[in-house]
Structures are given as structure tokens and as C-alpha cells.
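Trainee: Okay, here's the prediction I keep looking at, along with the sequence it came from:
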Amino acid sequence: MLGLFSVQDRIAVVTGASSGIGLEIGQVLAQFGAKVVLMARRTELLEQESQKIESTGGAAKWVGIDLLDRSQLAESYDRVLSCFGAPEIVVNAAGINLREPTEKISWNSWDKTVQLNLTVPFFFSRQFVRIMKKQGRGKIINVASLQSMRAFKNGIAYGASKGGVSQLTRAMAEAWSAHGIMCNAIAPGFFPTSLTAPVFESEKTEMKMAEATAIGRNGRMEDLHGPILFLASPASDYVTGQILFVDGGFTAK
């Protein structure tokens, strides 16, 4: 039964892995035996986190990269493979939320948001698909959002990009699942990360968000562990094209 949820010795790559949800995903995959490649721009943090994982018996390497730089994105394939080999698990956790009022959104900020949140997950994932097809298996996990379904204040660009992530996930599943590549997404509720810092800086706002859930509290980072292990392991081999809301029932109310 334990093997059903096992990621032991599987090779995983996680973008946005220097902090927040990306880092948490990288840590839990390594904790349960995966060989993890951590990717992000902040190399000092990546090095620190990979060393922490290795100090506790895990296997981790890191690749510093600016995913908004198309030349670096094109080079990421070889750089990832040079770590542990071909990844069987790809997690697209890199993202940005500028929280701009509608009238302040510029062409540049719109393009940056959509490119990192929506365009990069497709092109980054696709380069590993040919190897996954040869292996006959693979897991692609995108990170969607509450704003994939709900509209929030100052969230037009972010919400548009994360709504796109939901449809991208379904389209990936349609294109690749016949080859054994399962494509799904998690949509986290409110978790204490740098991206959601404005929510947690205000006790009033934090309580308001907690009261909006069915459970009555905001997310704890460990709440992500089960869903990630499920989507990364053989337990989800007949699950694809799905968006799993890990939100304490926020979207159920």
C-alpha cells in the first residue's frame, strides 16, 4: 500500500523552489525519497535549501535560472538532465502576483505575469515530454490558484493567468496522457508565503480569509504534503486534467 504513494528514487524538478509553495513541494518530495532539482533565480537560497535537504539524507541539486529569459529557458533541459537524469515529475510552481489596480496595469507587467504564470509552464514542461513518452510515464503538476475560479480585487492579470493555468492543465492532459503522462494542478488557498504576505500582514484580513473557508482556518504548509504526494505518485495514475483545490473549502462556500 505504501508503494502506491511512493516517490522513492523518482527524479523531480520544481520551479520557483527558493521559497514558498515551490520550496515546500521540493522539500516534501525529497523527504519521501525523490531526487529533486530545485530551480529559481535566487541561487543563494537554492544552495542553502539543497544543502538542508542533503543534510537530512535527501537528494537535491539546484539550478539557478530566470525563467523569463527565453535563452535560459531553452538551456534548462540540459541543465536539469545533468543533475540526476531525466525527470519523471515536473512541478511548475514559479509565479508572480503584482496585485496592481486595473488602471495601473502596464503592457510590461501584464506580459510578465502571463509569461511566468502561464507561458513558462507549457514550454518548460514540453521539453521533457519526449523523454516521458519513451519511458511511458510522467507526472506534470501545475500550480493554479483560488483565482483560477474566483475574482479578487487587484487581480485581473494574475487571475487571467491562473484561469489559463486551469485550461492549460486540461489541454496538457488531452495532449499527453495517452502516453502515460498525467497532468494535474493544485490550487492552494491562503498559505503563509511571500506571495500572500499582504494577506497575513493584517490580522483582520487573515481572519476574514479563514472565516471564508469551510474548515475555518487558513492553510498550513503541511496541508500540501498529501495532495502533492498523491499527484506525484502512482496513486494518481488514472487521474489527469484535474484541478485539486487545497483550500479548506474556500471554493465550496
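Mentor: Nice, I can see it.

Trainee: what helix or strand does L38 sit in?
Mentor: Using DSSP states H and E, the element containing L38 is strand 35-40.

Trainee: And for the residue nearest to R99 when sequence neighbours are not counted, the neighbour number?
Mentor: Of all residues not flanking R99 in the chain, N154 sits nearest, at 4.6 Å (CB to CB, 6 or more residues apart in numbering). Using the backbone N, CA and C atoms, a C-beta is placed for each residue, glycine as well. If you count neighbours by other CB atoms under 10 Å, N154 ends up with 16.

Trainee: close enough to count as contact, N154 and P101?
Mentor: Yes: when contacts are counted by CB atoms under 8 Å, N154 is listed as touching P101 (5.5 Å).

Trainee: ok, the strand holding L38: who's next to it in the sheet?
Mentor: Paired neighbours of strand 35-40 in the sheet (DSSP bridges): strand 11-15 (parallel), strand 59-64 (parallel).

Trainee: For A151, give me its contacts.
Mentor: G159 (CB atoms under 8 Å, 6 or more residues apart in numbering).

Trainee: where along the stretch 51-200 of the chain do the helices fall?
Mentor: Assigned by DSSP state H, counting those that start in this stretch, the stretch 51-200 of the chain shows helices spanning 70-81, 107-114, 120-135, 156-176, 197-200.

Trainee: what about dumping the CA coordinates of the longest one to CSV?
Mentor: Read that as helix 156-176. C-alpha atoms of helix 156-176 as CSV (Å, rounded to 0.1, in the frame of the first residue of the first chain):
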residue,chain,number,x,y,z
ILE,A,156,-7.0,40.9,-13.2
ALA,A,157,-3.6,39.9,-14.7
TYR,A,158,-2.9,37.3,-12.1
GLY,A,159,-6.5,35.9,-12.3
ALA,A,160,-6.4,35.7,-16.1
SER,A,161,-3.0,33.9,-16.0
LYS,A,162,-4.2,31.4,-13.3
GLY,A,163,-7.5,30.8,-15.1
GLY,A,164,-5.3,30.0,-18.1
VAL,A,165,-3.4,27.5,-16.0
SER,A,166,-6.5,25.5,-15.3
GLN,A,167,-7.3,25.2,-19.0
LEU,A,168,-3.6,24.6,-19.8
THR,A,169,-3.6,21.7,-17.4
ARG,A,170,-6.7,20.1,-19.2
ALA,A,171,-5.1,20.7,-22.6
MET,A,172,-1.8,19.1,-21.5
ALA,A,173,-3.8,16.1,-20.2
GLU,A,174,-5.6,15.8,-23.5
ALA,A,175,-2.3,16.0,-25.5
TRP,A,176,-0.1,13.8,-23.4
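
Trainee: and that helix, average pLDDT?
Mentor: Here helix 156-176 scores 98 as its mean pLDDT.

Trainee: The second one too?
Mentor: For helix 107-114, the per-residue pLDDT values average out at 98.
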